[in-house]
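> The following comprises the amino acid sequence and a computationally predicted model.
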Amino acid sequence: MNGIIPTERIINRILVVRNQKVILDRDLATLYNVETRTLKQAVKRNIERFPNDFMFILSKKEIDRMVSQSVIPSKSYFGGSSPFAFTEQGVAMLSSVLKSKRAIEVNILVMRTFVKLRQIISSHQKIEKKLKEFENTINEHDEQIIQIMKVIHQLITPPEKPKKKMGFKIE
């Protein structure tokens with residue numbers, strides 16, 4: 001099953017829209033080896049299975065932003081209709097709607113990819129936290145070293161002798 005689609009190909013199709021990781025209908029249709037309109041028709045026939053946290057339609061503003069950030073080449077990439085964006089749960093629901101063996105196999109790969117992506121993000125957050133801790137420790141050590149250097153400098157520098165006053169004393 002892993003030979004069907006490389007994980008990297010799936011990861012490259014995951015986008016962040018509305019602070020959610022999603023895959024667009026066109027990309028899922030390619031992965032499932034069906035036409036985009038077929039996928040959309042299946043979703044529309046079963047729309048009650050796709051609440052807003054499973055699937056949403058991209059706004060014109062979101063499409064424009066994707067074009068300006070070179071995520072997609074142009075608005076015509078979607079063929080004139082507004083694309084559906086599927087969250088991880090929406091992708092899971094798609095396999096029950098499409099009901100093909102390939103849809104089930106691809107769905108399993110996509111779900112594993114989402115899990116792997118979460119693990120990678122979690123790992124990066126842990127590494128970032130550790131680096132911050134090291135940075136704080138280094139800063140503390142820097143301050144301590146500066147204090148030690150000041151004390152050493154004071155110890156090795158001979159104290160200045162008081163200067164004798166010059167001149168006459170008149171009583």
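Structure received. Numbers count the residues shown, from 1 in each chain.

> This protein: helices as residue ranges?
7-11, 25-32, 36-45, 60-68, 88-98, 101-156 (DSSP state H).

> Could you list which residues are in contact with the residue nearest to Ser100 when sequence neighbours are not counted?
Nearest non-adjacent residue to Ser100, counting by C-beta to C-beta, 6 or more residues apart in numbering: Tyr32, 7.4 Å away. The way it works is simple: take the backbone N, C-alpha and C, and place the C-beta from them, glycine included. Applying C-beta atoms under 8 Å, 6 or more residues apart in numbering to Tyr32 gives the contacts 39, 94, 98, 100, 102-103, 106.

> Relative to Lys21, which of the residues you listed is nearest.
Among the contacts of Tyr32, Leu94 lies closest to Lys21 (C-beta to C-beta), at 15.2 Å.

> so how far is Glu48 from the residue most central in space within the chain?
Nearest to the mean C-alpha position of the chain, counting by C-alpha atoms, centre = their mean, stands Ile121 at 6.5 Å. Applying C-beta to C-beta, to the nearest Å, the value for Ile121 to Glu48 is 31 Å.

> burial measure for Asp25, as a count.
Residues near Asp25, counting by other C-beta atoms under 10 Å, number 25.

> export the helices of the chain to JSON lines and tack on mean pLDDT and distance to Arg18?
Output for the helices of the chain, formatted as JSON lines (pLDDT from 0 to 100; distance: least, C-beta to C-beta, whole Å):
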{"stretch": "helix 7-11", "mean pLDDT": "78", "distance to Arg18": "19"}
{"stretch": "helix 25-32", "mean pLDDT": "89", "distance to Arg18": "16"}
{"stretch": "helix 36-45", "mean pLDDT": "92", "distance to Arg18": "18"}
{"stretch": "helix 60-68", "mean pLDDT": "84", "distance to Arg18": "8"}
{"stretch": "helix 88-98", "mean pLDDT": "85", "distance to Arg18": "13"}
{"stretch": "helix 101-156", "mean pLDDT": "83", "distance to Arg18": "16"}
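
> Pick the most deeply packed of those helices.
helix 25-32 (a mean of 21; mean count of other C-beta atoms under 10 Å).

> tell me the angle that one makes with helix 88-98.
Using axes from the mean of the first three to the mean of the last three C-alpha atoms, to 10 degrees, the inter-axis angle of helix 25-32 relative to helix 88-98 is 60 degrees.
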